[in-house]
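>>> requesting a structural model of the entry that follows:
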Amino acid sequence: MKLVGIGLGSNIEPRIEAIEKSILWVESLVGKIVRKSKVYESEPWGVLDQSHFLNQVVLVESDLNPIEILDYLKKIESLLGREEGERWGPRKIDLDLLFLDRDIFHSSDLLLPHPSLHERNFVLLPLQEIFPEWIHPTYQMNVPELLRYCRDEGIVTLYREA
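Next comes the predicted model:
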């Protein structure tokens with residue numbers, strides 16, 4: 001079993017319901033959720049003229065390979081009504097495969113760890129809460145160190161307990 005980090009986000013109502021339903025699907029299809037962060041609210045990233053996002057990070061034990069996990073995450077997004085749109089634009093649900101243990105994986109469809117993980121407070125803050133000891137395999141820094149060097153100035157606040 002490997003430890004998988006998954007980021008969840010939504011900025012189209014009902015935001016919290018989309019996150020809660022996606023967690024149920026992740027546990028059903030990907031593996032056992034062993035830790036989940038609180039839910040945070042964050043300013044949009046990339047495209048700024050849109051509603052605030054709710055974000056959460058979960059850790060999952062899984063024996064699936066990265067492409068299988070990615071396929072399941074895309075399936076869950078589709079089941080929950082995600083429609084393709086503008087990059088970084090509004091979305092009903094967004095599921096990002098953040099990492100698979102400390103593996104480095106590159107394919108035409110997937111890069112691990114997620115190439116923007118270290119640049120996003122809305123990922124790093126919830127990840128620090130549940131897995132601060134994770135070491136980024138490229139930068140060789142733990143999550144608190146990544147946060148210290150992160151240039152993201154977007155405001156991230158606690159929305160509610162997990």
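>>> what sits against Glu77?
Ser22, Ile93, Asp94, Leu95 (Cβ atoms under 8 Å, 6 or more residues apart in numbering). C-beta: built from backbone N, CA, C; applies to glycine.
>>> next SSE after the helix or strand containing it?
Glu77 belongs to helix 66-79 when elements are defined using DSSP states H and E. Remark: after helix 66-79, the chain's next helix or strand is strand 94-100, criterion DSSP H and E.
>>> adjacent strands (with direction) for that following strand?
strand 2-10 (antiparallel) (DSSP bridges).
>>> just the CA trace of the strand it pairs with, in PDB.
C-alpha atoms of strand 2-10 as PDB (Å, rounded to 0.1, in the frame of the first residue of the first chain):
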ATOM      1  CA  LYS A   2       1.100   3.500  -0.800                       C
ATOM      2  CA  LEU A   3       0.100   6.800   0.700                       C
ATOM      3  CA  VAL A   4      -1.700   9.000  -1.800                       C
ATOM      4  CA  GLY A   5      -2.400  12.700  -1.300                       C
ATOM      5  CA  ILE A   6      -5.500  14.100  -3.000                       C
ATOM      6  CA  GLY A   7      -6.600  17.700  -3.100                       C
ATOM      7  CA  LEU A   8     -10.300  18.500  -3.300                       C
ATOM      8  CA  GLY A   9     -11.800  21.800  -4.300                       C
ATOM      9  CA  SER A  10     -15.100  23.400  -5.300                       C
END
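>>> give me the residues contacting the following helix or strand past that strand.
Sequence-wise, the next helix or strand downstream of strand 2-10 (DSSP H and E) is helix 15-29. The contact list for helix 15-29 (Cβ under 8 Å, 6+ apart) reads 6, 8-10, 12, 33, 36, 39, 53-54, 56, 58, 60, 72-73, 75-77, 79-80, 92-93, 95, 159-160.
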